[in-house]
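K.L.:
Coordinates only, no sequence provided:
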C-alpha cells in the first residue's frame, strides 16, 4: 500500500473522530461513526486483510450504525451537556495514553516483515499445509475453523452468551 | 421509523434487494474456504438483510416471513450444531473438534476436515445472525410503542 493513501485514510479517520465528538446531534454522530468504520475497513483492506475489512465494513459501518440509530430513537435525541472542566482531566489522560501507544509502537516489527516473530513459529506450517490438511486455500478460514477451532468455539460461546444477556436485559426493561 | 416506511421507492428497493442480500450472505458463509468472509461476516450480512426488511416493510408482513422467534431460534440452533458437532469426533475415539477422526464413508482425511470447517462456519453464521437479530428486535420493540 502506498504511503500517500495510508496518510489520506489516517487523516480522514482523525477528522471523523474529531467531528463525531464535536457534532451536537446524536444522529449525525452515528453517521460520522459509520464513515469512520468504512475508512477503517479500507485501511484493513489496504493492509492485505480482506477478511477483517469485510467484517468491519458490514458490522461496523452498516449494522452498528443501524443499532445506534435505533438506540437513539429509543432514548431520544438529547445531546449530552458538555462539562468544560472535564477537558482538564480527559485531555492529559488521552495525551498520556497516546504517548504510551506511540512509545510501544516503536518496538513493533515493520508491516509485512517476513522476519517478524508472528511469522516465525507455527504460522509457516499453517501457510504450507492448509491445502494438504483441509483442502482450504483461504488460510484464514483454515486457521479459524480447523487449526484453532477450539478458540472459535470459545468465541462463539462468548457471542452466544452476550447476545442472550443483552436480549434478557432489554426484555426486562421493556416489560417494566 | 420501524416498518411501514412512508416512501414507496425505499420500500420497493429494499424488498427487491433483500433476497440478493440473503443469497450473498449464504454465499459468503459457504464460500469461506476460498475467499474472504466465512461464518462471522456471512451471518452479519444475513442479519442486515432481515433488519432492512424490518426497517422498511409493514411489520405484519415481515413477521409472517421472519417471526420474532427467528433470532433466538437461530442463536440456539447454531450454538447446538457447533457444540454437538464438536463432540462427534470423540464418539469415534478422536479428539474434540478433530473432524478427520470421523470414520464414515470413503472421504479422505482432508475432505473430512474441509466438511468440518463448513459445519463450523454455518454454526458460527447462525449464532451471529441470531444474536444480531434478537438484539435488534428487542431494541426496536422499545421504539415501536
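P.N.:
Perfect, I can see it now. All of these numbers come straight from a predicted model, not from anything done at the bench.

K.L.:
where exactly do the helices run in the chain?
P.N.:
I'll assume chain A. Listed in chain order, the helices found in chain A under DSSP state H are A:3-22, A:26-46, A:50-55, A:64-75, A:86-105, A:123-134, A:139-142, A:149-175.

K.L.:
Chain B is the one I meant
P.N.:
Secondary structure of chain B (DSSP H): helices at B:8-30, B:39-56, B:59-65, B:69-91, B:109-144.

K.L.:
for the fourth one, which positions count as buried?
P.N.:
It stands for helix B:69-91. When burial is assessed from 16 or more other CB atoms under 10 Å in any protein chain shown, helix B:69-91 yields the following buried residues: B:70-72, B:74-75, B:78-79, B:81-82, B:85-86, B:88-89. In this view, the C-beta of every residue, glycine as well, is placed from N, C-alpha and C.

K.L.:
between that helix and helix B:39-56, how many degrees?
P.N.:
With axes from the mean of the first three to the mean of the last three CA atoms, to 10 degrees applied, the angle from helix B:69-91 to helix B:39-56 works out at 160 degrees.

K.L.:
how many neighbours does the residue in chain A positioned nearest to chain B have?
P.N.:
The minimum distance from chain A to chain B, using CB to the nearest CB, falls at residue A:163 (3.1 Å). Each residue near residue A:163 was counted by other CB atoms under 10 Å in any protein chain shown, and the total is 23.

K.L.:
how close does it get to residue B:41?
P.N.:
Here the distance between residue A:163 and residue B:41 works out to 17 Å (CB to CB, to the nearest Å).

K.L.:
and if you look at residue A:59?
P.N.:
8 Å.

K.L.:
Repeat that for residue B:133.
P.N.:
With distances taken as CB to CB, residue B:133 is found 16 Å from residue B:41.

K.L.:
Could you pull out the buried residues of the helix or strand bottoming out on mean pLDDT in chain B?
P.N.:
For chain B, using mean pLDDT, DSSP states H and E, the weakest element among its helices and strands is helix B:59-65, scoring a mean of 85. Of the residues in helix B:59-65, those with enough neighbours to count as buried (16+ other CB under 10 Å) are residue B:62.

K.L.:
quick one: is it near chain A?
P.N.:
No - shown here: helix B:59-65 not in contact with chain A (CB under 8 Å from any CB of the partner chain), separated by at least 14.1 Å.

K.L.:
which other helices and strands contact that helix?
P.N.:
helix B:39-56 (3 or more CB pairs under 8 Å, 6 or more residues apart in numbering or on different chains; DSSP states H and E).

K.L.:
per-residue confidence averaged over the helix it packs on?
P.N.:
Per-region confidence: helix B:39-56 scores 90 on mean pLDDT.

K.L.:
Ignoring the adjacent residues along the chain, who's closest to the residue in chain B positioned nearest to chain A?
P.N.:
For chain B, the residue positioned closest to chain A under CB to the nearest CB is residue B:131, at a distance of 3.1 Å. Leaving out its chain neighbours, the residue that sits closest to residue B:131 by CB to CB, 6 or more residues apart in numbering or on different chains is residue A:163, at 3.1 Å.

K.L.:
Thanks a lot, see you next time.
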